[in-house]
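**Q** Following is a predicted model, sequence given first.
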Amino acid sequence: MSEQPLDKKVVTELQEHQVAAYLSRHPDFFRHHPYLLLELELHSDATGLPNLALQQQRLLREQTTELKTQIAQLIRYAKDNERVFKLFSECQRALWQCQSFAQLSQLVQTKLSEVPTICGCELLEFELRFTALVANRLNRRGNYLGRLSKDEQSLFFNKGDAQSVALYLLGDLKAPKAILALASTDSDHFAPDNDNLLINEFLRSLEQRLTELA
């Protein structure tokens, strides 16, 4: 029985894969066999680059540009986090000067609305109208970060432009005192996998002050 010929494309791809793997394991291959460079087609149709050194320089420039972009993003995030932390700290210190829930609500709304990424902030006393929302969104951890339906948004915000929200139940899950609601026009700003590191200490102080004013 004669053997069936292998598909030429499969063989070519397999050979290219093997060559690429070998060169990756032996980066000094062309230094030991420089004559092979004379037989390779290294020119680019777009740039006309004549040799491997220039190709490597181009790749390094691209990698450097990408790294600079990533570093700039990290610096921006760090500055944003620093600003948010300072706002929470200022608001936390001012909590003890409030003598009523109305003053607490006004303070929180005013201060946290200074965060550029927040388009809405409400501190509301718990009411029966929140029962269904708590059962659906807050019954496990006492907080929810993500998206809400229009009807759910209307419980907290007059405008329906919130693309993501953060909800924090204040007090015991079975007997909550209030709900803190934050909204952002950025759909990715409040997401389920976000941590609450920057706000946790503030929430504990807010709960303590609510208990004292009850």
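**A** Thanks, I have the structure now.
**Q** Which neighbouring residues are in contact with Tyr22, exactly?
**A** For Tyr22, the contact set (CB atoms under 8 Å, 6 or more residues apart in numbering) comprises Phe29. Placement of C-beta: from N, CA and C, glycine included.
**Q** Make 88 the first number, not 1, from now on.
**A** All set: I'll call the first residue 88, so the last point we hit is now Tyr109.
**Q** just checking, it is part of a helix?
**A** Yes - assessed by DSSP: H, G, I helix; E, B strand; the rest coil, Tyr109 belongs to a helix.
**Q** Would you mind measuring from it to Phe116?
**A** Distance, Tyr109 to Phe116, by CB to CB, to the nearest Å: 8 Å.
**Q** likewise Phe243?
**A** 64 Å.
**Q** So between the two, which is more surrounded?
**A** Phe243 (22 against 13; other CB atoms under 10 Å).
**Q** Who are the packing partners of the helix ranked longest in the chain?
**A** Longest helix in the chain, counting residues (DSSP state H): helix 139-181. Secondary-structure packing of helix 139-181 (3 or more CB pairs under 8 Å, 6 or more residues apart in numbering; DSSP states H and E): helix 188-199, helix 284-300.
**Q** Least confident of these, on average?
**A** Of all the helices and strands packed on helix 139-181, mean pLDDT reaches its minimum on helix 284-300 (a mean of 88).
**Q** Tell me which residues of that helix come out buried.
**A** Residues Ile286, Phe289, Leu290, Ser292, Leu293, Glu294, Arg296, Leu297 are the ones in helix 284-300 that count as buried (16 or more other CB atoms under 10 Å).
**Q** Since that was my last question, I'll sign off now.
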